[in-house]
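K.L.:
Based on what follows, work out the 3D shape:
(one chain, ligands or ions: 1)
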Amino acid sequence: MIKVGINGYGTIGRRVAFAVMQQPDMVVSGIVKTKPDYVSEIASSTYKIFVPDRSYIDAFDRAGIKVSGTAEDLTGDSDVIVDATPEGQGEKNKGIYVKAGKKAVFEGGEDASIVDASFNAYSDYSDAIGKNYVRVVSCNTTAMARTLFPLKEKFGIRSVSATLIRRATDQNDSKKGPINAVEPSIKIPSHHASDLKTVMPGFDVSTVAVKVPTTLMHVHVIDAEINDELSKNDVISAWDGYNRIIGINSNNGIVSTAQVMDLSREIGRDRSDLYEIAVWLGSVTVDGKHVRYIQAVHQESDVIPENIDAIRAMFELNDRDKSIEITDRSLKITKRLF
Ligand code: NAD
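P.N.:
Now for the predicted structure:
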């Protein structure tokens, strides 16, 4: 069993911890928390709690939450750390993992330059095999890589242009906005274009990102220029066999991200997570060599299967297809059409 320590137990960290516990070959060795809040209180009945350094211990003692040690101690007790601390903090923490000679998975908020490989399970599994420091790319990049990879494999892609309509913040956050504004990223291409190239090189990419006042999901409008002419059916059938892409029929009431998220509640997902990228099949449009489609992305959870596969690749436990199969089975990800 690979012992996985989770440094940073927020939106991503708590979901990675849950997913690790569903695997037959991994176990959570502990989590690092900074505050003795309700999340720590609830998590302490499942996981050993660690803190960034000794200065945090008193507050946990006062709250009656047992602390098992510091982030350094957790690193010592683990085979790999998944660092899901806020953007930029992972880079600061890397020294702890290097000093202990332990592997670490970082998240999309970190710079690609701090790792040996960036990771997407479909497009880039082999790059992470045996590596010590791997970064699972952001929720937006993961989503683009997921649905573009089958098209690239089957038809070849010449260029991609995508508009990313981004949720303002996550559901447990009452601090960030905007709450009544639409905020474009101004810079074109947005950083997502270069990020996609870290896991799927070989074609031109341009992205525009716009933040809107919602917490549920991102929506992407993707235009891919393909090498050959093809039909709408060719596109949809290229996604067959890739469980992490689900097809949505808009004639069944799923007309917005509100219903896509409701769907994940109805299928009984933990925390109502939707690991898969949901593509509105009615939006798939072929115009000569251009394929256009619209997809919804549950930013809190789409990267979670990738975190698990990254660990398997780093420890050379399985090849790509086997790892994906184990992860999908454990998280109840099956090919679905709604
Ligand atoms: P978050 O703010 O929800 O969680 C981060 C957690 O780390 C918080 O609980 C915070 O208290 C804790 N923390 C802060 N400093 C710490 C420290 N020094 N040591 C240990 N814990 C510390 O953030 P998140 O959304 O989970 O993002 C984590 C990473 O995942 C970032 O790189 C982010 O870019 C990436 N990511 C986020 C999303 C998303 O939609 N939320 C999606 C994909 C990737």
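K.L.:
Please make it C-alpha for all contacts and neighbour counts, starting now.
P.N.:
OK.
K.L.:
Could you point out the helix or strand that follows whichever strand or helix holds I42?
P.N.:
Using DSSP states H and E, I42 maps to helix 38-43. Using DSSP H and E, the next helix or strand after helix 38-43 towards the C-terminus is strand 49-50.
K.L.:
Now whichever helix or strand comes after that next one - C-alpha only, PDB.
P.N.:
Going down the chain from strand 49-50, the next helix or strand is helix 57-62, by DSSP H and E. Taking C-alpha atoms only, helix 57-62 is exported to PDB below (Å, rounded to 0.1, in the frame of the first residue of the first chain):
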ATOM      1  CA  ILE A  57      -0.200  23.100  17.800                       C
ATOM      2  CA  ASP A  58      -1.600  25.200  20.700                       C
ATOM      3  CA  ALA A  59      -4.700  26.300  18.800                       C
ATOM      4  CA  PHE A  60      -5.500  22.600  18.000                       C
ATOM      5  CA  ASP A  61      -4.900  21.600  21.600                       C
ATOM      6  CA  ARG A  62      -7.200  24.400  22.800                       C
END
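K.L.:
Show me which residues of helix 57-62 are buried.
P.N.:
Neighbour-count burial for helix 57-62 flags 57, 60 (criterion: 16 or more other Cα atoms under 10 Å).
K.L.:
show me where the protein has strands.
P.N.:
If DSSP state E is used as the criterion, the strands of the chain fall at 2-7, 26-32, 49-50, 80-83, 103-106, 117-119, 133-136, 157-167, 183-184, 204-212, 218-226, 245-248, 277-287, 290-297.
K.L.:
Report the contact partners of V134.
P.N.:
Shown in contact with V134 (Cα atoms under 8 Å, 6 or more residues apart in numbering): 104-106, 115-119, 128, 310, 314.
K.L.:
so which of the residues you listed are also by the ligand?
P.N.:
Checked against the ligand using Cα under 6 Å from any ligand atom, the contacts of V134 give no members in range.
K.L.:
Can I get the helix holding I42 as PDB, trimmed to CA atoms?
P.N.:
Presented in PDB, the C-alpha positions along helix 38-43 are these (Å, rounded to 0.1, in the frame of the first residue of the first chain):
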ATOM      1  CA  TYR A  38     -15.300  22.300  11.600                       C
ATOM      2  CA  VAL A  39     -13.400  20.600   8.800                       C
ATOM      3  CA  SER A  40     -10.600  19.600  11.100                       C
ATOM      4  CA  GLU A  41     -13.100  18.400  13.700                       C
ATOM      5  CA  ILE A  42     -14.900  16.200  11.200                       C
ATOM      6  CA  ALA A  43     -11.700  15.000   9.500                       C
END
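K.L.:
ok, is it in contact with the ligand or not?
P.N.:
No: Helix 38-43 stays clear of the ligand (Cα under 6 Å from any ligand atom), getting no nearer than 8.6 Å.
K.L.:
again with stretch 68-86
P.N.:
Yes: with Cα under 6 Å from any ligand atom as the criterion, the ligand is reached by stretch 68-86 at 84-86.
K.L.:
what does the stretch 151-300 of the chain have sitting close to the ligand?
P.N.:
Contact residues, the stretch 151-300 of the chain versus the ligand (Cα under 6 Å from any ligand atom): 299-300.
K.L.:
To clarify, my last question referred to the stretch 1-150 of the chain.
P.N.:
Residues of the stretch 1-150 of the chain lying near the ligand (Cα under 6 Å from any ligand atom): 7-13, 32-34, 52, 84-87, 107-110, 138-139.
K.L.:
In PyMOL, select just the buried ones from these.
P.N.:
A single PyMOL command selects the buried members of those (16+ other Cα under 10 Å):
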select buried, resi 7+8+9+10+11+12+13+32+33+34+52+84+85+107+108+109+110+138+139
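K.L.:
Nearest residue to the middle of the protein?
P.N.:
V303 (1.5 Å; Cα atoms, centre = their mean).
K.L.:
Name the nearest residue to it, sequence neighbours excluded.
P.N.:
Closest residue in space to V303, ignoring its immediate chain neighbours: C139 at 5.8 Å, by Cα to Cα, 6 or more residues apart in numbering.
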